[in-house]
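# Everything below, folded, please.
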Amino acid sequence: MARGINKVVELLFLLFILFSLIGCSTGDIGLIASDSDEIAIQAIADSIKTAIENKDVDMFMGNISPDYSDSEGGTYESIHIMAQDMVSEIEAAEDMANTYGANLTINTSISNLVIVDPIANSDFKITVNAKVLFITVYSYSMDFEVIYQKEDTGWKIISMLEKS
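Purely as a prediction, here's the structure:
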C-alpha cells in the first residue's frame with residue numbers, strides 16, 4: 001500500500017513539474033496576456049466612447065494605428081472619414097433627440113477578447129440610445145470585428161470592420 005502511495009506522489013510531482021514547464025514556456029511565446037493588456041484595450045473602448053460623446057475626431061483617431069489596413073482595403077484615411085461620419089450622425093441625432101426632449105447616451109463594449117501578444121482581436125460594439133427619463137425610446141448599435149496591435153506607444157487598432 002505504501003508503495004502505491006509513493007507511485008501516486010511521484011506521478012503528481014512529475015505532473016506538477018510538467019505543468020510548471022509548460023506554463024513557463026507559454027509565457028515566453030506570449031500566449032499569456034497580462035491584465036494590463038486587457039485594461040489597455042478596454043481603455044481604447046472608453047476613449048472611443050468619450051471621443052464620440054465629445055464629437056472629437058482627433059481623440060477617436062488617437063486609438064488608430066497609422067499603419068491601419070483592413071481586409072476590405074480600408075486605410076487610416078478611410079477610418080478618419082468613418083469617424084467624421086459618426087460624429088456628424090451623433091450631432092444630427094442629438095438635434096433630433098433634443099426636439100423630442102430625449103437624451104442620447106453612448107456605450108461601448110468589448111467582448112470575445114483574445115490576446116496573443118503583440119496582436120489581439122475582439123468584438124467591439126458602439127451603442128447609441130435615446131432616452132426619455134429612464135426609458136429607452138430608440139437604440140442603434142454598430143458591431144465591429146477589431147484587431148489591435150501592440151506598438152511602442154501602447155495598443156492601437158489596426159483593423160476595424162463593421163459586421164453586417
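
# what helix or strand is the residue nearest the centre of the chain on?
Among the residues of the chain, the one closest to the centroid is residue 110, at 4.5 Å (CA atoms, centre = their mean). Take DSSP states H and E as the rule and residue 110 turns out to sit in strand 103-116.

# Would you mind getting the angle between the next helix or strand after that strand and strand 103-116?
Going down the chain from strand 103-116, the next helix or strand is strand 119-132, by DSSP H and E. Strand 119-132 and strand 103-116 are oriented at 170 degrees to each other (axes from the mean of the first three to the mean of the last three CA atoms, to 10 degrees).

# other SSEs contacting strand 119-132?
helix 35-53, helix 76-99, strand 103-116, strand 135-151 (3 or more CB pairs under 8 Å, 6 or more residues apart in numbering; DSSP states H and E). To be clear about C-beta, it is placed using only N, CA and C from the backbone, and glycine gets the same treatment.

# Parallel or antiparallel, which strands does it pair with?
Here strand 119-132 is paired, per DSSP bridges, with strand 103-116 (antiparallel), strand 135-151 (antiparallel).

# thinking again about what came up before, for the helices and strands packed on strand 119-132, give me TSV that also has mean pLDDT and distance to residue 69.
Converted to TSV, those look like this (pLDDT from 0 to 100; distance: least, CB to CB, whole Å):
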stretch	mean pLDDT	distance to residue 69
helix 35-53	94	18
helix 76-99	92	8
strand 103-116	94	19
strand 135-151	93	10
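
# Make a markdown table from those and add distance to residue 164 to it.
Listed next are the helices and strands packed on strand 119-132 as a markdown table, based on distance: least, CB to CB, whole Å:
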| stretch | distance to residue 164 |
| --- | --- |
| helix 35-53 | 21 |
| helix 76-99 | 15 |
| strand 103-116 | 17 |
| strand 135-151 | 9 |
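
# Indicate which one of the ones you listed is closest to residue 163.
Comparing those by their distance to residue 163 (CB to CB), the top pick is strand 135-151, with 4.3 Å.

# And the next helix or strand past that closest one?
Per DSSP H and E, the first helix or strand lying C-terminal to strand 135-151 is strand 154-162.

# what is the orientation angle of that next one with strand 103-116?
110 degrees.
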